[in-house]
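Peer 1: what's the 3D shape of this:
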Amino acid sequence: MQGYSSALWCIAWIIGLLTAQSPWWITAIAAIAFPSIGIILRKLRPASHQVQPWLIASVIILIALGWYHFRTPEPGAFDISRFVEPIDRTTIQITGTVDELPRTTRSGKTKLWLTVQSIDAGELNSRLTIAPDKANGKLYVTIRDRHPSFAPGTQVKFKGKLYSPKGAQNPGGFDFKKRLAIEGCFAGLAADEFTIIAPPKQTWGLWQLQQRIVQAQMVGLPGEEGLLLAAMVLGNRAVDLPSNMQDAFTKIGMSHALAASGFQVSLTLSVVLALCSRASKQVKGIAGGIAIVILIGLAGAQPAILRAGVMGAAVLVAIVAEKKVKPIGSLLFASVLLLVWNPLWIWDLGFQLSALATLGLLVTSEPLQNHLDWLPSPIAAAFATPIAAYIWVLPLQLYAFGLVSPYSIPANVLTTVLISIISLGGMVSALLAAIVPKLGSFSAGLLHYPIVALLGIVDQMGRLPGSQWAAGTISVGVLVILYGFLGIAVGNSKFIQPKRYWILGMTIAALSIIVVPAWQQAKTRIQITALTTTRQPILVVQAQGKVVLVNTGDRNETEMTITPFLQKQGINQVDALIQLHSTDLEAVQALRNRLTIRQVLTTNDFQELNLGHITLRTIPLPQPGLTSRVKDRPEPIVPALQLQLPHQAPWILAHKLPRKLASDTLSSTPAILWWNGGKLPEMQLVGAIAYGKTLRPEVAQTLDQQRIPTFHLAQDGAVQWSPRDGFKTSFSVDDAEFARL
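Peer 2: This is a model prediction of the structure:
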């Protein structure tokens, strides 16, 4: 009964944290549900169930909620974020100490964490209400291009512009502000210059051992092979992996191979215990504990590997005490222990996926293997392990990314032996590199062919059609239902020897609540989304299964903004890509790598284009203020489009429009204008979306006086329009998440 109650209370703590950012009624329902379940179970089985543990669980939910808000970081009185508004984009100098080794962003910049010591705002120092020399806090710093690595503890002076991080600017986009807040950071610095003031005071650290291992392995395996080996041993946080390699593994559902988690911990413990097989149990416990601490120190104290480390420590305690460890209880204990230490880790996606994959292996792998008893045991185990993990992470993957990796299971089956060989060989290489770097380099070189084989499989499977399928994101309600199905399957006593029709029924039900709504929504959705971007303006038009994309921006814009949005919308094909501005071929190719583009056009390629319920017409407009001085030479053309959906006001898509329009150029029908925020043409409007950096004050005033809904993407974030809901910003989309329950 004690183990039953402890597990119940651990689950209650996790549920309490998960409801911390939900509307209050969600937490209230969870708190009421627990004692209600206890009362029902008490009536059904009076002898074996008590209500008291369920009442305590209800109280634990409320305690977890309070603890979450108590531990949520807030900027202090002298935090660097307090200086953002008074300084107002002025170039300043900030002195601080580097916390970790710098890493490279997807856009090629260098990023690092800085502990602030002081700032110098020049002439503005005298106007600041807070003394600049008292500034403190954590700062996220980015530097243009790649720069030499700063060792942790290095004192550096950066010159650049301070800014406040923004939340999700596009529907379902990355919430940069929330991500930094989890790290206790509330401001960023875009640095242009830096000066090293003093080297680290500490002469030795685990980071030096980490660098020693990485460098030795890269000597034996130059380039991406060495980086891959180091990442598979130490995790991708300790190694600056190229984004294209990370994408290749993620595309086929193998990103776990690059992350420091339970696999590295279990493999390390297995090696240590094997080496200490003849030693006493106390020696085994001490040696295993030291190995876990060193591994966590080298990989970085990430939630996923800390969870695995605590579970590994539980195994060592059980060995020393000569007791059996309960794997599920160990998982719950480790997860709750970390979530008591830092409740905000509940939102760390790596932690969530790692815990769910481990749970799947514990509760589902063996039953699946038993069900595959018609296969040889090694083959059955090779299939059961990735299937069990995949089943449990898939719902969360759909909720977070809206993606399915159809080849994930065969890819993991094919690479299981290779990953084991590379990981074990990499650990041996790391151990030798820590002692004699040349031996580490030599042993790393022996893994050349296994690594080449692994990269070849990853590359070839990523090239297969449909290697990554955008199914669209699921709602919180569907997520809960899917995990409810899995819970029922695990709790059902018949699961060990399940009846085929029962498994088939559960599978059909799960697929139905995922596929049917997504298919119906794709076929009926009419929606236009103006995305917030920094380069080119981007518009996504969806109308009953047809999709038109206007502009792509550069490669970075495509990968960071357009592709995630299309994936979460469940879009795998764009019927037409219309380029109003200059075409970036790299951006188009990056988009083609993720989905199908049927045709790429400019406004010179067509006069009218019909795509089902979407009609596009080019608008030949002379350049405002210019006339042709050469006879018979056509006047310059401004790219502009008229977008028409059935029974809806037309959309006018243009960079600039002349003040006066010819009567036959545009219809007198009221329209929705998507433009740069400059002067307005003489036309009737029912809505206006400005994508430029600024919206002219007189234009905003005119539109306000005419009571025309007006949105400025730079301030309001992305804007979505649909016939049913009209206009709404990305923030209202996020707030409406629980309305889909």
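
Peer 1: Packing partners of the longest strand seen in the chain?
Peer 2: As assigned by DSSP state E, the longest strand anywhere in the chain is strand 185-198. Packed against strand 185-198 by the contact rule (3 or more C-beta pairs under 8 Å, 6 or more residues apart in numbering; DSSP states H and E) you find strand 91-98, strand 138-143, strand 155-163. Yep, even glycine has a C-beta here, placed from its N, CA and C like the rest.

Peer 1: mind redoing it with 7 Å?
Peer 2: strand 138-143, strand 155-163 (3 or more C-beta pairs under 7 Å, 6 or more residues apart in numbering; DSSP states H and E).

Peer 1: Counting neighbours, which bits of the last one end up buried?
Peer 2: By that I understand strand 155-163. Gln155, Val156, Lys157, Phe158, Gly160, Lys161, Leu162 (16 or more other C-beta atoms under 10 Å).

Peer 1: How far away from the center of its chain is that strand?
Peer 2: Put simply, strand 155-163 sits 27 Å off its chain's centre (C-alpha atoms, centre = their mean, to the nearest Å).

Peer 1: before we move on, what about the first one?
Peer 2: Centroid separation between strand 138-143 and its chain, computed with C-alpha atoms, centre = their mean, is 20 Å.

Peer 1: For that strand, list the C-alpha coordinates in CSV.
Peer 2: Listed next in CSV are the C-alpha coordinates belonging to strand 138-143 (Å, rounded to 0.1, in the frame of the first residue of the first chain):
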residue,chain,number,x,y,z
LYS,A,138,22.0,36.5,-16.4
LEU,A,139,22.3,37.6,-20.0
TYR,A,140,21.9,35.8,-23.4
VAL,A,141,24.5,37.1,-25.7
THR,A,142,24.8,36.6,-29.5
ILE,A,143,27.8,37.6,-31.6
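
Peer 1: Show me what it pairs with in its sheet, parallel or antiparallel.
Peer 2: strand 110-120 (antiparallel), strand 185-198 (parallel) (DSSP bridges).

Peer 1: Pick the most deeply packed of the ones you listed.
Peer 2: strand 110-120 (a mean of 20; mean count of other C-beta atoms under 10 Å).

Peer 1: and Gly350, that's in a strand?
Peer 2: No: counting by DSSP: H, G, I helix; E, B strand; the rest coil, Gly350 falls outside a strand, being helix.

Peer 1: Quickly find the element holding Leu539.
Peer 2: strand 538-543 (DSSP states H and E).

Peer 1: Any chance you could list what contacts stretch 284-295?
Peer 2: Defining contact as C-beta atoms under 7 Å, 6 or more residues apart in numbering, one finds that stretch 284-295 is touched by 264-265, 268-269, 272-273, 276, 309, 312-313, 316, 319-320.

Peer 1: ok, so what distance separates Pro681 from Leu673?
Peer 2: To Leu673, Pro681 is 8 Å away according to C-beta to C-beta, to the nearest Å.

Peer 1: picking up where we left off before, of the helices and strands packed on strand 185-198, which is nearest Ala700?
Peer 2: Among the helices and strands packed on strand 185-198, strand 155-163 comes nearest to Ala700, with 23.7 Å by C-beta to C-beta.

Peer 1: now the angle between strand 91-98 and that closest one, please.
Peer 2: What separates the directions of strand 155-163 and strand 91-98 is an angle of 130 degrees, with axes from the mean of the first three to the mean of the last three C-alpha atoms, to 10 degrees.

Peer 1: if you skip the residues just before and after it, what's nearest to Gly570?
Peer 2: Distances taken as C-beta to C-beta, 6 or more residues apart in numbering put Gly472 closest to Gly570, at 2.7 Å, once the chain neighbours are dropped.

Peer 1: Please read the previous query as pertaining to Asp192.
Peer 2: Computed as C-beta to C-beta, 6+ apart, the closest residue to Asp192 that is not its neighbour in sequence is Gly160, at 5.1 Å.

Peer 1: residue contacts, that neighbour?
Peer 2: Thr91, Leu189, Ala190, Ala191, Asp192.

Peer 1: And Pro681 and Leu673? Which one has more around it.
Peer 2: Leu673 (22 against 19; other C-beta atoms under 10 Å).
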